[in-house]
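K.L.:
From the sequence below, what's the structure:
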Amino acid sequence: MDKLTKQQQRKHLLDRAAFGATPAELAEASRQSLPAVVRRLMGRPDTLPELKVVDPETAVTKRGLRGMVRDGQLDRDALKERIRMNAEKVRDLNLQWLDRMASGENALREKMALFWHGHFACRTMGQNPLFMQLYANTLRQHALGTFSDLLMAVSKEPAMLQFLNNQQNRKNAPNENFAREVMELFTLGRGNYTEQDIKEAARAFTGWQFTLDGQFVFRERVHDEGEKTLFGQTGAFRGEDVIRMLLDKPQTARHITAKIYRFFVNETEDKKRVDELAARFRKNGYDMADLMTHIFTADWFYEPQNVGTHIKSPVELLAGMRHTLNITFDQPQPQLFVQRTLGQVLFYPPNVAGWPGGKNWIDSSSLLFRMQLPNYVLKAADVPVRPKEDGDVNTEALARKGGQTFRTTVDWAGFEESFAKTPDADLPDALAAVLLPLPLRAEQRSLIGKPNQPGQTRSERIRALTTALMSLPEYQLT
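P.N.:
Below you'll find the model as predicted:
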């Protein structure tokens, strides 16, 4: 493949740093300098609307079990109703965040927050919508700030403390789950600490707890005030001290930078380049905006080996499809059905390590559904597919009802307007430039059909070509 044209560069950038682009957005970006496009993608945190499905002041989670005890006995029907209501709120939070991703506003920030959701993997325990709402907004707010601020904020989120059992971490009975994952997954990576480091860090994190209304609290009465020795240092350390020690470690910058490189650049790591990025990241105080700007404005980001190699995650696929064609679902349930069928349900990562990503997104059943998805979405079709059984009662409940009938509204007029002056013979290439990571090949042309079909209007032809292009395997890549 030759060097990318300016339009191809902008397409690659908008696919990786955002959730794709409309034809109009791609045309506008192609007229701007690369730094200008990246600056616009960064957005501003003060323009970021919070996700909100529950009011912290009136959230049902705040009331605990009050109202569910009758004659000294737990009212199981009332408990089931509470669980159902909470599950619906978590579902609403999922869909609200997906709407934000598909909107195209603060696109890089939302994309980074999705990345952090996989890095700081956390799922709702007891279907608690308030905790997940707070957690998601923390990821989004700090997504392009400093990693040090993000790490500290997420580590104090009630959802995370609950998920990793730190509420049970007390002096004389330490629980090591939280301390282990902070080192293994959030900062240093596996093999860059000792079991003794874990034990001592767990003691330091005793007392890090939360209230029912979603507030972090430090409870001194359950904190181990004794001296701890971590990484060759000894003192009466608390949790904040451990976080600072981890940030001082060069391996933390290396671990985070490598994950960002694999997510945004290429799954095959360029060791020298990642080392250089990690050194810059640490030197600049873990500044995420600086790191991402440096990556997206680097010549090497646009080298052929980095283009068309990233398999879209299910959420990226769905949000990108919605954004490019301004698609709205008449009923929200099918979007949960898609997430579950393809194996990525927001707020329900499979485990503490998050979604493995890459080629793990694809198997024989999911690939077929992925390639048929444009037909289902764009043609409002019934879906003869059942989600894979994942053994997770929470995701099964999310996607159980109404997921197999897609009813959508597509802004075809807005999409077609950008191709009003495109000759019929050039339509396949013009549409492919918006939808695919690479130019059309001869074998792809034979699959999507000829530009003109007898009795077909131009609008019908654009729609047919668009659906055919989005049904190609290459549409699954960026």
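K.L.:
which residues in this structure form strands?
P.N.:
Per DSSP state E, the chain carries strands over the ranges 69-70, 73-74, 208-210, 216-218, 228-230, 233-235, 327-329, 408-410.
K.L.:
Mean neighbour count, those strands: which tops it?
P.N.:
strand 208-210 (a mean of 22; mean count of other CB atoms under 10 Å). In this view, the C-beta of every residue, glycine as well, is placed from N, C-alpha and C.
K.L.:
circling back: now the strands of the chain in TSV, please, with extra columns for distance to Arg39 and mean pLDDT.
P.N.:
Output for those, formatted as TSV (distance: least, CB to CB, whole Å; pLDDT from 0 to 100):
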stretch	distance to Arg39	mean pLDDT
strand 69-70	56	66
strand 73-74	55	74
strand 208-210	37	98
strand 216-218	34	98
strand 228-230	40	98
strand 233-235	41	98
strand 327-329	28	96
strand 408-410	31	95
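K.L.:
Select, out of the ones you listed, the one closest to Ala202.
P.N.:
strand 228-230 (9.3 Å; CB to CB).
K.L.:
Partner strands of the closest one and their direction?
P.N.:
strand 233-235 (antiparallel) (DSSP bridges).
K.L.:
Apart from its chain neighbours, what residue comes closest to Pro332?
P.N.:
Leu95 (4.8 Å; CB to CB, 6 or more residues apart in numbering).
K.L.:
Can you check the pLDDT for that neighbour?
P.N.:
For Leu95, the model assigns a pLDDT of 97.
K.L.:
for Pro473, same thing?
P.N.:
The score at Pro473 is 95. That number is its pLDDT.
K.L.:
one step back: tabulate the strands of the chain in a markdown table, adding columns for distance to Glu110.
P.N.:
Listed next are the strands of the chain as a markdown table, based on distance: least, CB to CB, whole Å:
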| stretch | distance to Glu110 |
| --- | --- |
| strand 69-70 | 41 |
| strand 73-74 | 40 |
| strand 208-210 | 26 |
| strand 216-218 | 25 |
| strand 228-230 | 35 |
| strand 233-235 | 38 |
| strand 327-329 | 17 |
| strand 408-410 | 21 |
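K.L.:
Name the spans of this structure whose pLDDT lies under the cut-off.
P.N.:
For the chain, the stretches with pLDDT under 70 are 1, 59-71, 381, 386-404, 451-452.
K.L.:
one more time with 80
P.N.:
By pLDDT under 80, the low-scoring segments of the chain are 1-2, 45, 57-75, 78-79, 125-127, 380-382, 384-405, 449-454.
K.L.:
And it, what are its domain boundaries?
P.N.:
In terms of domains, the chain is parsed into 43-143, 164-248, 314-410, 412-476 (source: automatic domain parsing).
K.L.:
Return the distance of the shortest one from the chain's centre.
P.N.:
Mean C-alpha position of domain 412-476 versus that of the full chain (CA atoms, centre = their mean, to the nearest Å) differs by 29 Å.
K.L.:
Quick check: end-to-end length of that domain?
P.N.:
Distance between the two ends of domain 412-476: 21 Å, counting by CA to CA, to the nearest Å.
K.L.:
what does stretch 216-234 give?
P.N.:
End-to-end distance for stretch 216-234: 26 Å, by CA to CA.
K.L.:
Stretch 296-314 now?
P.N.:
Taking CA to CA, stretch 296-314 runs 23 Å from one end to the other.
K.L.:
Contacts for that stretch next, please.
P.N.:
Applying CB atoms under 8 Å, 6 or more residues apart in numbering, the contact partners of stretch 296-314 are 1-4, 8-9, 12-13, 15-17, 34-35, 38, 41, 114, 265-267, 273, 295, 320, 338-339, 342-344, 355, 357-359, 361-362, 437-438, 474, 476-478.
K.L.:
what does stretch 102-113 give?
P.N.:
By CB under 8 Å, 6+ apart, stretch 102-113 touches 14, 17-19, 21-22, 25, 41-45, 47-48, 97, 100-101, 136, 139-140, 143-144, 288, 292, 318-319, 322-323, 327.
K.L.:
Buried residues of that stretch, list them for me.
P.N.:
Neighbour-count burial for stretch 102-113 flags Ala102, Ser103, Gly104, Asn106, Ala107, Leu108, Arg109, Glu110, Lys111, Met112, Ala113 (criterion: 16 or more other CB atoms under 10 Å).
K.L.:
Check stretch 38-57 too.
P.N.:
In terms of neighbour count (16+ other CB under 10 Å), stretch 38-57 has its buried residues at Val38, Leu41, Met42, Gly43, Leu48, Leu51, Val53, Val54.
K.L.:
What is the neighbour count of the closest residue to Asp330 other than its chain neighbours?
P.N.:
Once flanking residues are discounted, Asp330 sits nearest to Arg407: 4.0 Å by CB to CB, 6+ apart. Per other CB atoms under 10 Å, the neighbour tally for Arg407 reads 13.
K.L.:
Please tell me how far Arg407 sits from Ala173.
P.N.:
Distance of Arg407 to Ala173, computed by CB to CB, to the nearest Å: 53 Å.
K.L.:
what do you get for Phe186?
P.N.:
On the measure of CB to CB, Phe186 and Ala173 end up 23 Å apart.
K.L.:
what's the answer for Leu34, then?
P.N.:
As judged by CB to CB, Leu34 and Ala173 stand 55 Å apart.
K.L.:
Which one's more surrounded, the two?
P.N.:
Applying other CB under 10 Å to Leu34 and Ala173 shows that Leu34 carries more neighbours, namely 18 against 9.
K.L.:
who's in contact with the more buried one?
P.N.:
Here Leu34 is in contact with Gln9, Leu13, Phe296, Thr297 (criterion: CB under 8 Å, 6+ apart).
K.L.:
same check, this time on Leu48
P.N.:
The contact partners of Leu48, by CB under 8 Å, 6+ apart, come to Asn106, Arg109, Arg140, Gln141.
K.L.:
Now the terminal residues of stretch 156-174, how far apart.
P.N.:
For stretch 156-174, the first and last residues are 17 Å from each other (CA to CA).
K.L.:
Measure how far that stretch is from the centre of its chain, please.
P.N.:
Relative to its parent chain, stretch 156-174 has a centroid offset of 25 Å by CA atoms, centre = their mean.
K.L.:
ok, now stretch 225-233?
P.N.:
Its chain's C-alpha centre and that of stretch 225-233 lie 36 Å apart, by CA atoms, centre = their mean.
K.L.:
biggest helix in this protein, by residue count?
P.N.:
Ranked by residue count, the top helix of the chain under DSSP state H comes out as helix 76-103.
K.L.:
What residues sit buried inside that one?
P.N.:
Applying 16+ other CB under 10 Å to helix 76-103 flags 82, 86-87, 89-103 as buried.
K.L.:
How about the contacts made by the residue nearest the centre of the chain?
P.N.:
By CA atoms, centre = their mean, the chain has its centre lying nearest to Leu114, at 2.0 Å. By CB under 8 Å, 6+ apart, the contact list for Leu114 reads Met101, Ser313, Val315, Glu316.
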